[in-house]
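Trainee: Would you be able to build a 3D model of this:
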Amino acid sequence: MNVKPVIFLAFANDHSSYLQALKKERIRIPQELQPLVDERLCELVVEPDATVDDVFRVFNQYKDRIAIFHYAGHSEAGGLHLETEGIVNQLANATGLARLFGLQQNLQLVFLNGCANNAQVNLLQQQGVKNIIATNTLINDDAAVNFASAFYQAIGSKATLETAFANAEAYMQTTSGSTDMRALVWKSKPENTSQNLPWEKYFTNPNWSIIQAGVFYGEKPKVPIFIANHPTDLECVKEMTKHLSLLSRAGQISIFDSAKIAAGEEPDKELKRQLLNAAIILLVISPDFLFSPETQEIEEIATQRHRAKTATVIPIFFKETDVRGENIKIPDYYPDFVRLKGLPDEHEKWFISQWADKDAAYTLIARKLRELIEKYRK
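Mentor: Numbering: from 1, shown residues only. Below you'll find the model as predicted:
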């Protein structure tokens, strides 16, 4: 049984008041926490467009395993602004959320990285939440990202909550160049803003750290694989899935592609969720994939995660394009991922479509992936 603690990162944006830096935060926080994941000290769960139903689903799915809940997005005294299917976000009532958090036996920290939400602290404390970080004013978007990144950088180094908060405080003071914290708040805030940091800590167990979470490793976890493809390249996805089926049956991997989206689910949201939680991302390269605007966001997130070293991105060169071959010079304006080492990697058989024996190409790809998966599981 796997009882590793879970760090749940929930992000919610508002299309009528869009937070540009939120995408940056959902990349940088997992990057800072990756050392804990590599040591199998915790598991990360990322909800990129969190709704009320998403929050409840994750808390129930990982019942009593969630150690840290981090929220990033708009908030206020009365609750958190979570996403809906419409344009306007839904205010998730603070009292109801506090009751949900209070039901979690091992929840150690609730970090509300939104604007002016410290009025929720009393509700959380009444429900037994031990440690809380909240804000006392409107916060600058980039400042929110920087404070959270500095905090989780320390958590990723196994620091206590107290030390991590002090690290974030020191970072913000260092980068602002003075003790004047007014630059950290939203630009519309009046001039009489407090000189104190916008974030406040309410800790009853400040010495908690992830190494006190009582990790029991249990079985080695499955390695989540995300296959990104253009709809015209489904043949490649089917063949790769078939050649990796023994690993799936052995419980070593889980594979997600767009064909696995169930009826009634939101395709874009589910693709983004799976993409942000995958350990290995396979990009099926073809002219349709490379030049289609439909795959642009997938390419962007995959590239960001590869740079942050929170996922391994591998191009699978399916159909011929001008990004591979003898004496090929890739144009500067092409996306970065086409320069990554991809598969198949046999000289002069650059693309699967060039192989006379397609099964041999897929077998080679499966063998290389199996070697990578074995490294992950060790």
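
Trainee: Tell me how this structure divides into domains.
Mentor: 6-212, 223-377 (automatic domain parsing).

Trainee: buried sites along the top helix by length along the chain?
Mentor: Using DSSP state H to define each element, the chain has its longest helix at helix 358-377. Within helix 358-377, the residues that count as buried by 16 or more other C-beta atoms under 10 Å are 361-362, 364-366, 369-370, 373, 376. The C-beta positions use only the backbone N, C-alpha and C, and glycine is treated the same way.

Trainee: For those residues, give me TSV that also has pLDDT.
Mentor: Listed next are the buried residues of helix 358-377 as TSV, based on pLDDT from 0 to 100:
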residue	pLDDT
Ala361	94
Tyr362	95
Leu364	94
Ile365	94
Ala366	94
Leu369	94
Arg370	93
Ile373	92
Tyr376	82
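
Trainee: what are the ranges of the helices in this protein?
Mentor: 22-38, 52-61, 94-102, 121-126, 141-156, 161-176, 234-243, 245-249, 267-277, 287-291, 296-307, 358-377.

Trainee: The second one vs helix 267-277, what angle?
Mentor: Orientation of helix 52-61 against helix 267-277 (axes from the mean of the first three to the mean of the last three C-alpha atoms, to 10 degrees) gives an angle of 40 degrees.

Trainee: Let me see the mean pLDDT of helix 52-61.
Mentor: Helix 52-61 shows a mean pLDDT of 96.

Trainee: now do the first one
Mentor: Model confidence over helix 22-38 averages 93 on the pLDDT scale.

Trainee: CA atoms of that helix as PDB?
Mentor: Taking C-alpha atoms only, helix 22-38 is exported to PDB below (Å, rounded to 0.1, in the frame of the first residue of the first chain):
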ATOM      1  CA  LEU A  22      -0.300  31.700 -12.800                       C
ATOM      2  CA  LYS A  23       1.100  29.500 -15.600                       C
ATOM      3  CA  LYS A  24       4.600  30.300 -14.300                       C
ATOM      4  CA  GLU A  25       3.600  29.300 -10.800                       C
ATOM      5  CA  ARG A  26       2.300  25.900 -11.800                       C
ATOM      6  CA  ILE A  27       5.700  25.200 -13.400                       C
ATOM      7  CA  ARG A  28       8.000  26.700 -10.800                       C
ATOM      8  CA  ILE A  29       6.500  25.100  -7.700                       C
ATOM      9  CA  PRO A  30       6.700  21.500  -9.000                       C
ATOM     10  CA  GLN A  31      10.300  22.300 -10.100                       C
ATOM     11  CA  GLU A  32      11.200  23.300  -6.500                       C
ATOM     12  CA  LEU A  33       9.600  20.200  -5.100                       C
ATOM     13  CA  GLN A  34      11.100  17.700  -7.600                       C
ATOM     14  CA  PRO A  35      13.900  16.700  -5.300                       C
ATOM     15  CA  LEU A  36      11.300  15.300  -2.900                       C
ATOM     16  CA  VAL A  37       9.600  13.400  -5.700                       C
ATOM     17  CA  ASP A  38      13.000  12.000  -6.900                       C
END
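
Trainee: other SSEs contacting that helix?
Mentor: In terms of contacts (3 or more C-beta pairs under 8 Å, 6 or more residues apart in numbering; DSSP states H and E), helix 22-38 is packed against strand 6-12, strand 43-47, strand 66-73, helix 141-156, helix 296-307.

Trainee: And that helix, what's buried?
Mentor: 22-34, 36-37.

Trainee: hmm, who's touching that helix?
Mentor: Identification of contacts with helix 22-38 by C-beta atoms under 8 Å, 6 or more residues apart in numbering yields 7, 9, 11, 13, 42-44, 46, 48, 70, 72-73, 113, 141, 144-145, 148-149, 152-153, 155-158, 210, 276, 304-305, 308-310.

Trainee: picking up where we left off before, indicate which one of the helices and strands packed on helix 22-38 is closest to Glu83.
Mentor: strand 6-12 (4.8 Å; C-beta to C-beta).

Trainee: out of the helices and strands packed on helix 22-38, which comes closest to Ala98?
Mentor: strand 66-73 (11.5 Å).

Trainee: Can I get the closest one in CSV, CA atoms only?
Mentor: C-alpha atoms of strand 66-73 as CSV (Å, rounded to 0.1, in the frame of the first residue of the first chain):
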residue,chain,number,x,y,z
ILE,A,66,-2.6,15.2,1.6
ALA,A,67,0.0,16.9,3.7
ILE,A,68,0.0,20.3,1.9
PHE,A,69,-2.7,22.1,0.0
HIS,A,70,-1.6,25.0,-2.0
TYR,A,71,-4.1,27.3,-3.8
ALA,A,72,-3.1,29.9,-6.4
GLY,A,73,-5.6,32.2,-7.9
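
Trainee: Please state the offset of it from the chain centre?
Mentor: Distance, stretch centre to chain centre, for strand 66-73: 12 Å (C-alpha atoms, centre = their mean, to the nearest Å).
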